[in-house]
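Asks: Quick check, what structure comes out for this input:
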Amino acid sequence: MIALRERIKELNCLYGIAQLAERHSDSVEDLLRDLVNFLPFSWQYPEITCARIIFQGKTYQSKGFKVAKWRQSSRIFVYNEPKGEVTIFYLEERPPADEGPFLREERALLDELAERIGTAAMRISAELELQEINKQLTLERKALQEANAALRSVLARIEEEKQEIYMNIRTNIDKILMPILHELILNLPQTQRKYAEM
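Replies: Next comes the predicted model:
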């Protein structure tokens with residue numbers, strides 16, 4: 001019966017971690033702050049259990065935390081790099097079990113917790129990085145749209161200026177060159193005029 005009760009506590013712990021990870025999907029700090037207070041209830045003697053999580057230089061401690069000599073730790077890895085540690089303390093001595101006063105199943109649970117913290121940290125980090133990249137892409141897209149609008153405006157103005165230059169050249173030809181050409185044609189002998197008018 002005791003073993004069954006312990007397995008239920010372990011399952012509740014894993015379920016609780018999943019719930020906390022879902023609730024704090026954008027903040028590792030918030031996840032660890034809630035998780036450290038949740039952990040003691042999953043060990044065999046919750047009334048004398050406290051927890052500490054050290055992650056990336058920050059320390060999170062359960063209520064009533066004290067360092068004691070009866071401890072069990074597991075390292076947290078993120079992308080195969082050690083980033084912290086989860087430690088469970090018993091504040092009073094308890095009968096020997098598989099690992100000091102701790103059960104073999106508690107060791108497995110602690111290792112699983114450390115792995116899940118690392119996985120959650122990677123996921124949250126990737127999510128935040130993706131949000132930042134999307135934000136940057138949105139800004140760059142807006143800048144490109146503005147640059148395209150400015151370029152279209154410049155190209156439209158260049159086209160207007162080309163048309164204006166063409167009209168000015170045409171006007172100058174009609175006003176200056178055509179009268180001179182007409183006068184030259186009139187001064188040509190009649191036999192050569194037909195070639196000039198072509």
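Asks: so Arg33 makes contact with Tyr60?
Replies: Yes - using CB atoms under 8 Å, Arg33 is in contact with Tyr60, at 5.6 Å. (Each C-beta comes from the backbone N, C-alpha and C, glycine too.)
Asks: can you count the residues close to the closest residue to Tyr90 other than its chain neighbours?
Replies: Using CB to CB, 6 or more residues apart in numbering and skipping the chain neighbours, the partner closest in space to Tyr90 is Trp70 (3.9 Å). When counting by other CB atoms under 10 Å, one arrives at 17 neighbours for Trp70.
Asks: mind checking how far Trp70 is from Gly57?
Replies: According to CB to CB, to the nearest Å, Trp70 stands 26 Å off from Gly57.
Asks: try Arg33
Replies: Taking CB to CB, one finds Arg33 at 15 Å from Gly57.
Asks: For those two, indicate the residue with more neighbours.
Replies: Arg33 (16 against 7).
Asks: Tell me the confidence at the more buried one?
Replies: We have a pLDDT of 90 for Arg33.
Asks: Which positions are bridged to the residue nearest to Trp43 when sequence neighbours are not counted in the beta structure?
Replies: Nearest residue to Trp43, sequence neighbours excluded (CB to CB, 6+ apart): Thr49, at 4.5 Å. The partner list for Thr49 in beta bridges (DSSP bridges) reads Tyr90.
Asks: I'd say Thr49 and Tyr90 touch.
Replies: Yes - counting by CB under 8 Å, Thr49 touches Tyr90, with 6.1 Å between them.
Asks: Distance from the chain centre to the host helix or strand of Ile54, please.
Replies: Using DSSP states H and E, Ile54 sits in strand 49-55. Taking the mean C-alpha point of strand 49-55 and that of its whole chain, the gap between them comes to 28 Å (CA atoms, centre = their mean, to the nearest Å).
Asks: Counting neighbours, what do you get for Gly16?
Replies: Counted with other CB under 10 Å, Gly16 comes out at 16.
Asks: Isn't it up against Phe38?
Replies: Yes - assessed by CB under 8 Å, Gly16 is found in contact with Phe38 at 5.5 Å.
Asks: Can you pull the poorly scored residue ranges out of this structure?
Replies: Flagging of the chain using pLDDT under 70 yields the residue ranges 1-6, 193-198.
Asks: Which parts of it are strands?
Replies: Assigned by DSSP state E, the chain shows strands spanning 49-55, 58-61, 70-78, 81-90.
Asks: Could you list every helix and strand in contact with the last one?
Replies: Counting contacts by 3 or more CB pairs under 8 Å, 6 or more residues apart in numbering; DSSP states H and E, the secondary-structure elements packed against strand 81-90 are strand 49-55, strand 70-78, helix 104-172.
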